[in-house]
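Colleague: Generate a structure from the sequence data that follows.
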Amino acid sequence: MKTIGLIGGMSFESTIEYYRTINQLMKERLGGWHSAKIIMYSVDFAEIHEHQNTGNWESAGELLAQAGRKIENGGADLIVLCTNTMHKVANYIEQATKIPLVHIADATAEKIIASGIKKVGLLGTKYTMEQDFYKDRLRDKYALEVIVPNSADIAIINEVIFSELVLGKINSESQKAYVKIINKLLKQGAEGIILGCTEIGLLIKEGAVPCPIFDTTYLHSEKAVEIALDTVRL
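Modeller: The predicted model follows:
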């Protein structure tokens, strides 16, 4: 079994889900008393969030590159960056380390392609929905058609993420708002929905909407376990 290196804390609410899911999947695959070999470096999200707000992505990338080096030096065999948004600076980590980084968009896209879906709706932070780093990877590498909510709905989704979900607050009214937005995307032709922020899975569960949902936290964790067990390769 390879050792999985987690860069977490963005937010710690979703990082908890990564830790839980990876260990649950490892136990399911190996049985008995097995759990995953994990090294974690958890950042101070306030520092990262400040860099996001000011658009200082270079400094954010450097902080995460430092975290990646510490994980590598600790003996990890692969890196899992436990956030969608900060994959904007995944290249900083890749350039600073020699071990592979498991890209969250790749893990997600592979499942979408396997399901036969060609057009997906993307929810996430405003950075993920408005900027091209995530959408372009899905389009260019996997030929997926990606649609996002309108600007007013983007503002609602982003506000719920940063004012509620990253703080561990689950609000039924926010869930209803998300479902309404998802249904708009379905009317625009989306065949499935990417929960492209690692906290959204805390709010929207399978069965909440009439379409397949792709929970990036789960899919990223699953991919890491498969690589750790050598059942798939990067």
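Colleague: Which residue is most remote from the mean position of the chain?
Modeller: Distance from the centre of the chain peaks at residue 32, with 28.8 Å (CA atoms, centre = their mean).
Colleague: residue contacts, that one?
Modeller: Applying CB atoms under 8 Å, 6 or more residues apart in numbering, we find residue 32 in contact with no residue. All C-beta spots, glycine's among them, are computed from the backbone N, C-alpha and C.
Colleague: And the pLDDT at it?
Modeller: Note on residue 32: pLDDT of 93.
Colleague: pretty sure it is in a strand, no?
Modeller: No: the assignment for residue 32, made by DSSP: H, G, I helix; E, B strand; the rest coil, is coil rather than a strand.
Colleague: so how far does stretch 71-87 reach from one end to the other?
Modeller: For stretch 71-87, the first-to-last residue distance is 17 Å (CA to CA, to the nearest Å).
Colleague: got the buried residues for that stretch?
Modeller: Using 16 or more other CB atoms under 10 Å as the burial criterion, the residues of stretch 71-87 that qualify are 71-72, 76-87.
Colleague: Spell out which residues make up each domain of this protein.
Modeller: Domain assignment for the chain by automatic domain parsing gives 4-103+218-228, 105-216.
Colleague: so how far is the first one off the chain centroid?
Modeller: Read it as domain 4-103+218-228. Centroid separation for domain 4-103+218-228 versus its chain: 10 Å, with CA atoms, centre = their mean, to the nearest Å.
Colleague: again, but for stretch 89-105
Modeller: Computed by CA atoms, centre = their mean, the chain-centroid distance of stretch 89-105 equals 14 Å.
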